[in-house]
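Asks: Structure for this input, please:
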Amino acid sequence: MHHGKILPMIITAVLLCGCNGGSETVPADVSVPETVSVAEEITETLTVTESLAAETSAVTETELSASSAATEISEPSYDLPEEFYNELEEIIRKYPHFEYYDISLAYEDIETGFTFMLNPDKHYFSASVMKAPYMLYIYRMAFAGKADTEQRLIYSEEYKRSGTGTLQYEEYGTEWTVEELIGLCLEESDNSAFAMLRELYPEDGYKEFMRSSGIVHEEDAKASGQPQICCESALAISREIYDFIKEGNPYSERLEYHLTHSRNAMILGGENAEVIRKYGWYDGYFHDMAVILGNRDYCLTIMTNLDMLEINTREYKLFGELSSLIAGYSEKLIRNDASGNRSVITYERQEVKDMALPKDPYMLLSVLNMKLRDVYQSLEELCSDMGADMNGISAAMEKLGYEYNNAENQFIPIESSDEE
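Replies: So this is what the prediction gives:
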């Protein structure tokens with residue numbers, strides 16, 4: 001049992017009984033081979049809490065034990081060694097991001113079914129992560145003979161979308177095959193290509209497909225209207241991608257190729273490992289969802305709400321350190337005497353009102369705007385309540401190219417002047 005003391009935060013670690021398993025309902029318009037399975041929880045948890053004093057907050061660590069009412073487990077249970085939890089603690093202490101933002105992680109070892117999760121119930125805007133299951137849905141239909149990946153579509157103005165992707169710069173009237181559009185969606189995260197495919201293959205069928213894939217929340221099945229996702233649902237999607245690739249059907253290699261050529265390498269694998277990934281990045285949300293094929297295959301998802309934070313090298317390093325930690329221990333699972341095969345840690349970030357102002361200028365910008373949005377009616381009120389130097393804050397933000405806007409009660413980019 002791991003007994004590391006992670007400060008300052010609240011931790012709840014829960015070992016759940018049993019591995020994922022169960023049956024699924026296959027949507028009427030998608031014929032899915034029997035190799036696709038859906039996870040079903042069959043567990044009960046029993047937690048024992050002890051309080052530890054900390055400099056800025058209380059820490060709660062839960063002893064992991066089996067419920068007397070738990071279903072008997074025929075398969076062995078596993079856990080990560082205590083050294084893993086100690087190193088995770090070091091990473092959390094190293095990055096102030098854990099104090100100011102929600103960060104979730106879900107890992108599953110394919111061979112044993114063991115899962116480790118950090119903040120699995122946190123929900124995030126899915127951004128472009130959901131393009132991966134949507135393309136998987138189209139490939140599933142193609143494999144069932146209900147979609148033609150060689151069908152040609154005409155790009156027109158109605159499909160033009162800003163943001164990521166290169167199709168928006170192409171001439172109207174150009175023709176693209178479904179396969180080419182899938183490649184643009186997965187490799188370039190192309191929004192225009194996605195708009196074309198969503199019209200050809202409407203969302204209703206996709207929702208049914210997602211419900212059959214093992215997602216844990218109904219809202220995680222959506223692809224429009226601010227779609228949401230949690231790391232556990234993203235993990236279920238990753239397992240579906242893994243199963244599809246391992247099937248070796250005519251479309252497996254195509255999906256694997258596209259997802260190994262996706263931009264923005266955030267999650268890292270071990271030495272000589274192949275990382276099959278789809279990232280998502282939009283206006284305060286920064287995610288990566290991956291399947292790692294190596295000496296030991298596993299799935300890993302990391303979801304964050306780095307709200308209005310200027311994503312730079314340090315944020316990539318956060319993803320890299322978390323995923324490298326998993327990679328380093330992926331072959332070191334240990335047999336566990338407890339009747340469970342799942343470890344969950346819940347980390348509670350600071351409340352916005354209680355957040356101290358960080359020294360890092362980009363994080364300061366983000367925290368200031370969060371406080372102004374959720375707590376204070378003006379910058380003057382914020383500085384007065386927190387004893388902060390308003391002139392100093394304004395000067396620091398100006399160096400980043402931001403100024404305080406009274407009407408919006410936010411720091412916004414300084415408009416550039418065309419005058420010479």
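
Asks: rest of the way, CA atoms for contacts and neighbours
Replies: Will do.

Asks: wait, residue 79 sits on residue 113?
Replies: No - contact criterion C-alpha atoms under 8 Å: residue 79 and residue 113 do not qualify, at 10.6 Å.

Asks: If the nearest residue to residue 109 once chain neighbours are set aside is in a bridge, with which residues?
Replies: Residue nearest to residue 109 in three dimensions, not counting chain neighbours: residue 298, with 4.6 Å by C-alpha to C-alpha, 6 or more residues apart in numbering. With DSSP bridges applied, residue 298 shows beta-bridge pairing to residue 109, residue 292.

Asks: Distance check, residue 298 against residue 365.
Replies: When distances are taken as C-alpha to C-alpha, to the nearest Å, residue 298 and residue 365 turn out to be 37 Å apart.

Asks: Okay, and the closest residue to residue 283 other than its chain neighbours sits in which element?
Replies: Of all residues not flanking residue 283 in the chain, residue 308 sits nearest, at 6.3 Å (C-alpha to C-alpha, 6+ apart). Secondary structure assignment for residue 308, by DSSP states H and E: no helix or strand.

Asks: again with residue 239
Replies: Element membership of residue 239 [criterion: DSSP H and E] is helix 231-247.

Asks: Any idea how far apart the tips of stretch 156-172 sit?
Replies: Across stretch 156-172, first to last residue, C-alpha to C-alpha, it's 5 Å.

Asks: Now it: buried residues?
Replies: Along stretch 156-172, these residues count as buried under the neighbour rule (16 or more other C-alpha atoms under 10 Å): 156, 159, 160, 161, 164, 165, 166, 167, 168.

Asks: Check what pLDDT the last one gets.
Replies: Here, the pLDDT recorded for residue 168 equals 97.

Asks: which residues touch it?
Replies: 160, 161, 162, 192 (C-alpha atoms under 8 Å, 6 or more residues apart in numbering).

Asks: hmm, which two among those are most spread apart?
Replies: Looking at the contacts of residue 168 by C-alpha to C-alpha, the two members farthest from one another are 162 and 192, with 7.6 Å of separation.

Asks: Secondary structure element for the residue lying closest to residue 251 once chain neighbours are set aside, which one?
Replies: Spatially, and ignoring its direct neighbours in sequence, residue 251 is nearest to residue 139 (6.4 Å; C-alpha to C-alpha, 6+ apart). Assigned by DSSP H and E, residue 139 falls within helix 131-143.

Asks: Residue 218 against residue 210, yeah?
Replies: No - the pair residue 218 and residue 210 fails to qualify as a contact (C-alpha under 8 Å) at a distance of 9.0 Å.

Asks: what about residue 345, which helix or strand?
Replies: When secondary structure is defined using DSSP H and E, the element that contains residue 345 is strand 342-347.

Asks: how distant is the helix or strand following that strand from the center of its chain?
Replies: In the C-terminal direction, the helix or strand that comes right after strand 342-347 (DSSP H and E) is helix 361-374. Relative to its parent chain, helix 361-374 has a centroid offset of 22 Å by C-alpha atoms, centre = their mean, to the nearest Å.
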